[in-house]
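1. Got a predicted model here, sequence first, then my questions.
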Amino acid sequence: MTIFSPGDLLRSLFGTAVRAAQPDHRIPAFLPPPPTGKTVVVGAGKSAAAMARAVENAWSRAITGVVVTRDGHGAPTQHIEVLEAAHPVPDYRGMAAAERMLQTVVPLGADDLVICLISGGGSALLTLPPAGITLEQLADINRQLLRCGADITEMNTVRKNLSRSSGGRLAAAAYPAQVVSLIISDVPGDDLRAIASGPTVGDNATAADALGILRHYDIALPPVILDYLERDPNPVIRPDDIRLSTTQNHLIATPQQSLEAAAEAAQALGYTPLILGNAIEGEAKQVGIVHGGIARQGVNHGQPVAPPCVILSGGETTVTVTGEAGRGGRNCEFLLSLAMTLSGLENVWAIACDTDGIDGSETNAGAVITPESLHQAQQQGLSAADYLSRHDSYSFFEAIDALVETGPTLTNVNDFRAILIEP
């Protein structure tokens, strides 16, 4: 059927999904006509540098600007300055970059154009706290939310209510200039308000919403932040605000597009593709159990799809850490749970990777499992259950040489999961 080994085929499908979301392929069709005035580029996210490069390559007029991306995710540009900062916990470099962008767009007029480049990771990279609140205080809240398993929508609701650049504020600062925002989605459902905390998108979220989330997860709050939120300053820009009337937001790449590209590639190789969904959320361990049950049904009963097939899904799971955490991101945790659920089931392989090339805080994008993965581990005296219980999935897959390492891909359309079932 194919010259690929199962593992190579899965890596190839992941590569197809990533290529489908590359800025060089997606940006040119969405660029507006040149203005009579200046063209300025600003932006933030893991793909910001690659997006800036793509704009430069497709733009025929004078252009300037500044974008910020995660450390190690830079790309060479000629006219647009690329800054780097910390992610997922913000640092002073990201704060300075956000201030630079506001200073860049505030003086512009109605004849000028702002091209805003937004991708996943922009929330942390554009952190700009209100007066009286320190970056360290915001960073501590961010760490607590990451540790307790808050989902991306909840985290962004908190972030945008404690920011001077998110929740429509960047676009509002540029008014009356024309703003065209080109956005790569990394959130379930492609909600523009949630991607990078919506710096060019109006929102109806309130400080009370943010406070409710923080109380739900029992986050320890400094008195200054508690006081700020209880005064309900409603710091986001409402969707009907006149300052957003000159802003257009365009989704240029989405998880669904990448899943469909992988499905087409699988079909061309003789495998029936099944996309379970592009917005699957929940605890990574539980999502692994559910996917394992679906794969077992396919092997035993040919349902919901018969072999040879590839079961695809996307979205963003969470990992709620209990006790001391080991090394590993949500994709590796999903795979370790999946491997335990499959328990060496023959003819089933799987891959799970973050499309930005970084799973959690390690250097790998994810990993691959085979029918022999658990046996390989047992031969080395490794207990999959022990590694899963201490959230140490990276160490597990490192030990059996199953990590997928791509380096930064310079795009980000959330997680990619594929389960390959041979006859």
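-> The structure has been received and is ready for your questions. Numbering: from 1, shown residues only.

2. So what touches the helix or strand of the chain with the lowest mean pLDDT?
-> In the chain, no helix or strand scores lower on mean pLDDT, DSSP states H and E than helix 152-161, which sits at a mean of 84. Contacts to helix 152-161, defined as CB atoms under 8 Å, 6 or more residues apart in numbering, come from residues 123-124, 127, 138, 141-142, 145-146, 166-167, 186-188, 191, 193-194, 196-198, 203, 205-207, 209-210, 213-214, 229, 235-236, 316. All C-beta atoms are positioned from the backbone trio N, CA, C, and that covers glycine.

3. Okay, and Leu211 sits in which element?
-> Assignment of secondary structure by DSSP states H and E places Leu211 within helix 207-216.

4. Strands along the protein, start to end?
-> Taking DSSP state E as the test, the strands found in the chain are 39-44, 64-70, 80-85, 113-118, 178-184, 247-253, 272-277, 309-315, 348-354, 366-369, 403-404, 415-421.

5. With His391 as the reference, name the closest of the ones you listed.
-> Nearest of the strands of the chain to His391, taken as CB to CB: strand 366-369 at 14.3 Å.

6. hey, C-alpha coordinates of the closest one in PDB?
-> In PDB, the C-alpha atoms belonging to strand 366-369 read as follows (Å, rounded to 0.1, in the frame of the first residue of the first chain):
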ATOM      1  CA  GLY A 366       5.500  15.100  20.800                       C
ATOM      2  CA  ALA A 367       6.000  11.400  20.300                       C
ATOM      3  CA  VAL A 368       5.000   8.300  18.500                       C
ATOM      4  CA  ILE A 369       3.700   5.000  20.000                       C
END
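
7. buried set for that strand?
-> For strand 366-369, the neighbour count (16 or more other CB atoms under 10 Å) marks Gly366, Ala367, Val368, Ile369 as buried.

8. and which of the residues you listed is nearest Ile289?
-> Nearest member of these to Ile289, counting by CB to CB, is Ile369, at 14.0 Å.

9. check contacts around the closest one.
-> So Ile369 contacts Leu335, Leu338, Ala339, Leu342, Trp349, Ala350, Ile351, Ala402 (CB under 8 Å, 6+ apart).

10. any idea which of those is closest to Gln256?
-> Ile351 (18.4 Å).

11. quick one: pLDDT of that closest one?
-> Ile351 carries a pLDDT value of 98.

12. And Glu405, by the same measure?
-> 97.

13. can you check Tyr217 too?
-> pLDDT at Tyr217 comes out at 95.

14. was I right about it contacting Arg147?
-> No. At 9.3 Å, Tyr217 and Arg147 do not qualify as touching, with contact defined as CB atoms under 8 Å.

15. before we move on, the earlier item: tilt between the least confident helix or strand of the chain and helix 207-216?
-> 130 degrees (axes from the mean of the first three to the mean of the last three CA atoms, to 10 degrees).

16. Centre of the chain to helix 152-161, how far?
-> Relative to its chain's centre, helix 152-161 lies at 14 Å (CA atoms, centre = their mean, to the nearest Å).

17. Repeat that for stretch 305-317.
-> How far stretch 305-317 lies from its chain's middle: 20 Å, per CA atoms, centre = their mean.

18. Could you list the low-pLDDT ranges of the stretch 1-150 of the chain?
-> 1-3 (pLDDT under 70).

19. can you do 90?
-> Low-confidence segments of the stretch 1-150 of the chain (pLDDT under 90): 1-4, 88-90, 123-124, 127, 131, 139, 142-143, 145-150.

20. need the helices for it, in chain order.
-> In the stretch 1-150 of the chain, the segments counted as helices under DSSP state H, counting those that start in this stretch are 6-19, 23-26, 48-58, 92-105, 122-125, 135-148.

21. so which of these is the most packed in?
-> helix 122-125 (a mean of 32; mean count of other CB atoms under 10 Å).

22. As CSV, could you dump the C-alpha coordinates of that helix?
-> This file holds the C-alpha atoms of helix 122-125, laid out as CSV (Å, rounded to 0.1, in the frame of the first residue of the first chain):
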residue,chain,number,x,y,z
GLY,A,122,0.5,36.1,21.8
SER,A,123,-1.2,36.4,25.2
ALA,A,124,2.0,35.9,27.2
LEU,A,125,4.2,37.7,24.7
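
23. Give me the neighbour count for Leu382.
-> 15 (other CB atoms under 10 Å).

24. Actually, Gln256.
-> Based on other CB under 10 Å, the number of other residues close to Gln256 is 16.

25. what do you get for Ala150?
-> 22.

26. before we move on, what about Val180?
-> Neighbours of Val180 (other CB under 10 Å): 20.

27. in the sheet, who's paired with it?
-> Ile115, Gln248 (DSSP bridges).

28. now Leu312: how far from Ile294?
-> Noted for Leu312: a distance of 11 Å to Ile294, by CB to CB, to the nearest Å.

29. more crowded one of these two?
-> Leu312 (23 against 16).

30. Report pLDDT for the more buried one.
-> So Leu312 comes in at 98 (pLDDT).

31. Could you do Asn347 as well?
-> Per the predicted model, pLDDT is 97 at Asn347.

32. One more: Asn234?
-> Taking Asn234 on its own, its pLDDT is 65.

33. hang on, Val82 packs against Ala49?
-> Yes. Counting by CB under 8 Å, a contact exists between Val82 and Ala49, whose distance comes to 4.6 Å.

34. any shared contact partners between those two?
-> By CB under 8 Å, 6+ apart, Val82 and Ala49 have these common neighbours: Val67, Thr69, Gly74, Ala75.

35. For the last one, which non-adjacent residue is closest in space?
-> This points to Ala75. Leaving aside its sequence neighbours, Ala75 sits nearest to Ala49 (CB to CB, 6 or more residues apart in numbering; 3.9 Å).

36. and Phe416, what does it touch?
-> Residues near Phe416 by CB under 8 Å, 6+ apart: 13-14, 17-18, 258-259, 262, 312, 314, 351-355.

37. Mind putting the residues you listed into CSV with distance to Ile63?
-> Formatted as CSV, the contacts of Phe416 follow (distance: CB to CB, whole Å):
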residue, distance to Ile63
Leu13, 36
Phe14, 33
Ala17, 30
Val18, 27
Ser258, 28
Leu259, 33
Ala262, 34
Leu312, 38
Gly314, 33
Ile351, 38
Ala352, 38
Cys353, 33
Asp354, 31
Thr355, 27
